[in-house]
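sequence isn't available, so here's the structure alone:
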């Protein structure tokens, strides 16, 4: 079992930056990939893939809507994953979820999820 807790969300103006953190506990030495997904209000059936990083941190994939603006990273010594979000846009407003599991870009690839943290970008 892996437990995940996100932090760092909040309200920011368009063009600003936020850094989300994800603290992992439990079976953190199991070689999991870590990912971020987001879900916007009114899109409860859609959890959009944002980014994924492999166990070593050397492999990353980003969703098209965030490429060049967001950076995913991890620190295995601290059992942490991060999402640095720059040049934020109002359409980035969503609840952001941290996930752990096998490598992939689908929610089905990840068996462990945090409770989410709200990010709101004002125009």
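Cool, the structure landed. Please read these numbers as outputs of a predicted model, since none were measured by experiment.

check whether residue 23 really touches residue 4, as I assumed.
Yes - counting by C-beta atoms under 8 Å, residue 4 is a contact partner of residue 23 at 7.2 Å. All C-beta atoms are positioned from the backbone trio N, CA, C, and that covers glycine.

more crowded one of the two?
Remark: of residue 23 and residue 4, residue 4 carries more neighbours, 23 against 16, as counted by other C-beta atoms under 10 Å.

quickly list what the more buried one is bridged to.
Beta-bridge pairing of residue 4 under DSSP bridges involves residue 24.

how close does it sit to residue 85?
For residue 4, the distance to residue 85 (C-beta to C-beta, to the nearest Å) stands at 18 Å.

for the record, mean pLDDT for the particular helix or strand that has residue 35 in it?
For residue 35, the enclosing helix or strand under DSSP states H and E is strand 33-39. The predicted model assigns strand 33-39 a mean pLDDT of 97.

what residue ranges in this structure score low on pLDDT?
Regions of the chain meeting the criterion pLDDT under 70 are absent.

for residue 60, give the beta-bridge partners.
Residue 60 has these beta-bridge partners by DSSP bridges: residue 53.

neighbours around it, how many?
By other C-beta under 10 Å, 15 other residues sit near residue 60.

is it true that it touches residue 70?
No - in this structure residue 60 lies outside contact range of residue 70 using C-beta under 8 Å: 10.0 Å.

can you give me the strands for this structure?
For the chain, applying DSSP state E gives strands covering 2-7, 10-13, 18-26, 33-39, 48-53, 60-62, 70-75, 80-85, 94-101, 110-113, 117-122.

and the most centrally placed residue in the chain, how far from residue 53?
In the chain, the residue lying closest to the centroid (C-alpha atoms, centre = their mean) is residue 36, at 2.3 Å. Residue 36 is 9 Å from residue 53, where distance means C-beta to C-beta.

which residues do those two both contact?
The contact sets of residue 36 and residue 53 overlap at 72, 81 (C-beta atoms under 8 Å, 6 or more residues apart in numbering).

thought residue 60 was touching residue 53, still the case?
Yes - Residue 53 is in contact with residue 60 according to C-beta under 8 Å; the separation is 5.0 Å.

what is in contact with the two at once?
With contacts taken as C-beta under 8 Å, 6+ apart, residue 53 and residue 60 have residue 72 as neighbours in common.
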